[in-house]
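Participant: Sequence and predicted model, in that order:
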Amino acid sequence: MGSFWHPFADMGAVDGRELVIDRGEGIYVFDENGRRYLDATASLWYCNVGYGRQEIVDAAAGQMEKLHAYHTFGDFVTRPVIELTEKVAAIAPVPGSKVFLTSGGSDSVDSAAKLARRYFHLTGQPERTVFIARRWGYHGTHAYGTSLAGMAPNKDGYGDLIGDVVVVPWDSVEAVENAIEQVGPERIAGMFCEPVIGAGGVRVPPDGYLTGVREIIRRAGALFIADEVVTGFGRVGAWFASNRFGLEPDLLTFAKGATSGYVPLGGVIAAPWIAEPFWQGGVTWRHGYTYSGHSTAAAAGLANLDILEREGLLAAARKLEPELAAALAPLVQHPLVSEIRSGLGVLGAVQLDPGAVEDDPGLPSKAFRAIRKAGVITRAVGGGGLQVSPPLVITTDRIREMVAGFSAGLDSVTL
């Protein structure tokens, strides 16, 4: 028996049966036996610039040789942290924003929730403690993220961690309005909203939904918190989905694509009107992490953003958007598939037939393993979907190769 406890895993089924990934190159990863797989998931959504980018390795190594890290509490900082936060602020949806750094997405969500609560306490509205979240939403696994989850299994067995969370249907503007009315607008702190729901099934919202809920939250005097851990840094053909849709979020959480996963890093972007009362002097936000502003992570992030810019990968993602949708579309004719969800950036999901999943709850696992056997790595996501989010460096030919792997794998599944 091994010692490693895998996240999100039935260890009784996994132990001793792991697939050991050994190396990566471009859009491919290789196992220890040398078998190649096209990675249709960019690992956990994050490897936007692809595997084996020596520029990022060199940037991280160079920083480690000089100074691997130093904390940023109080008035301490290192140059890569200054440069990275200036860069992120420059591409943020709201000019003049401030950037707080974390170690990843779950950190960022908890930080944003605490910052919202602290902001309202500081501005004389301590009664604003309630957050609105959406069905199928995923906001990490810390205490706040677990409580904000829109997928029931992610909450099971923990009891109530943090109260004052209202979960509404994922695609209804009216439901958000009704929730605010029922709770009372004076009690709403904010709404956590993935512009595209990721782990909950890659669900692109209806036209007008994002701007509609943004306006409703604004009218209530609450904060619109865009969770862009999945959608940031080119995944939807813009630096952030909030840029693309003109959302002007009060707070924005990021991680994953910030370094393409080469080093763990996340953060919260605060619009200037949120940061202002904290920056006047005399106020300390007593929150932060040992690695908030890790020097090596910041250096890797800078190199990653440089690649995204230099190689035009945001524009490439916009160009791939219709190509990916068109390539995936024929899969809907497969007897095991009921829907294809795509049409925004390099993101999609192949939805397995709900009736077939009801008859065989193990079908999503069978499907992704069969597709992996066909040479393509995907992953089961909420509601019986199969994830499609390859690195942004994928080409049209390789998209066809990816879809062929999905098709061959699904053909081999027996019910």
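Facilitator: Perfect, thanks for sending it. Numbers count the residues shown, from 1 in each chain.
Participant: and the spatially closest residue to residue 194 that is not a sequence neighbour, what is it in contact with?
Facilitator: Nearest residue to residue 194, sequence neighbours excluded (CB to CB, 6 or more residues apart in numbering): residue 227, at 4.8 Å. (Each C-beta comes from the backbone N, C-alpha and C, glycine too.) Residues near residue 227 by CB atoms under 8 Å, 6 or more residues apart in numbering: 109, 137, 139, 192, 193, 194, 252, 253.
Participant: what's the following helix or strand after the helix or strand where the last one lies?
Facilitator: Secondary structure here is read from DSSP states H and E; on that basis residue 253 sits in strand 251-254. Where DSSP H and E defines the elements, the next helix or strand beyond strand 251-254 is strand 266-270.
Participant: State the mean pLDDT of that following strand.
Facilitator: Mean pLDDT, strand 266-270: 98.
Participant: which other residues reach that strand?
Facilitator: So strand 266-270 is contacted by 85, 88-89, 92-94, 97-105, 107-108, 111-112, 115, 229, 249-256, 258 (CB under 8 Å, 6+ apart).
Participant: same thing but 7 Å
Facilitator: Strand 266-270 has contacts (CB atoms under 7 Å, 6 or more residues apart in numbering) with 88, 92, 97-105, 107-108, 111-112, 115, 251-255, 258.
Participant: sorry, back to before: need the per-residue pLDDT for the residue nearest to residue 194.
Facilitator: With respect to pLDDT, residue 227 scores 98.
Participant: what about it, distance to residue 119?
Facilitator: Counting by CB to CB, to the nearest Å, the gap from residue 227 to residue 119 is 17 Å.
Participant: on that earlier part again, list the beta-bridge partners for the residue nearest to residue 194.
Facilitator: residue 253 (DSSP bridges).
Participant: would you say residue 48 is within a helix?
Facilitator: No. Residue 48 sits outside any helix when classified using DSSP: H, G, I helix; E, B strand; the rest coil, being coil.
Participant: Closest one to residue 295 out of the contacts of residue 227, please.
Facilitator: residue 253 (21.8 Å; CB to CB).
Participant: surely that closest one meets residue 228?
Facilitator: Yes. Residue 253 is within contact range of residue 228, at 6.4 Å (criterion: CB atoms under 7 Å).
Participant: Domain-wise, how is this structure divided?
Facilitator: The chain is divided into the following domains under automatic domain parsing: 11-53+312-411, 54-310.
Participant: So which of these is the most surrounded?
Facilitator: With neighbours defined as mean count of other CB atoms under 10 Å, the domains of the chain peak in mean count at domain 54-310, which reaches a mean of 20.
Participant: first vs last residue of that one, how far apart are they?
Facilitator: 15 Å (CA to CA, to the nearest Å).
Participant: Can you give the distance from that domain to the centre of its chain?
Facilitator: Domain 54-310 has its C-alpha centroid displaced from the chain centroid by 10 Å (CA atoms, centre = their mean, to the nearest Å).
Participant: Which helix or strand contains the most centrally placed residue in the chain?
Facilitator: Closest residue to the average C-alpha location of the chain: residue 230 at 2.2 Å, with CA atoms, centre = their mean. Assigned by DSSP H and E, residue 230 falls within no helix or strand.
Participant: leaving aside the residues next to it on the chain, what's closest to it?
Facilitator: Of all residues not flanking residue 230 in the chain, residue 198 sits nearest, at 3.8 Å (CB to CB, 6+ apart).
Participant: Let me know the outermost residue of this structure.
Facilitator: residue 282 (34.3 Å).
Participant: re earlier: wait, which of the domains of the chain is closest to residue 4?
Facilitator: domain 11-53+312-411 (8.1 Å).
Participant: which regions of the stretch 301-415 of the chain lie under the pLDDT threshold?
Facilitator: Scanning the stretch 301-415 of the chain for pLDDT under 70 picks out the ranges 415.
Participant: now the strands: where do they sit in it?
Facilitator: For the stretch 301-415 of the chain, the strands defined by DSSP state E, counting those that start in this stretch cover 337-342, 348-352, 376-377, 380-381, 385-388.
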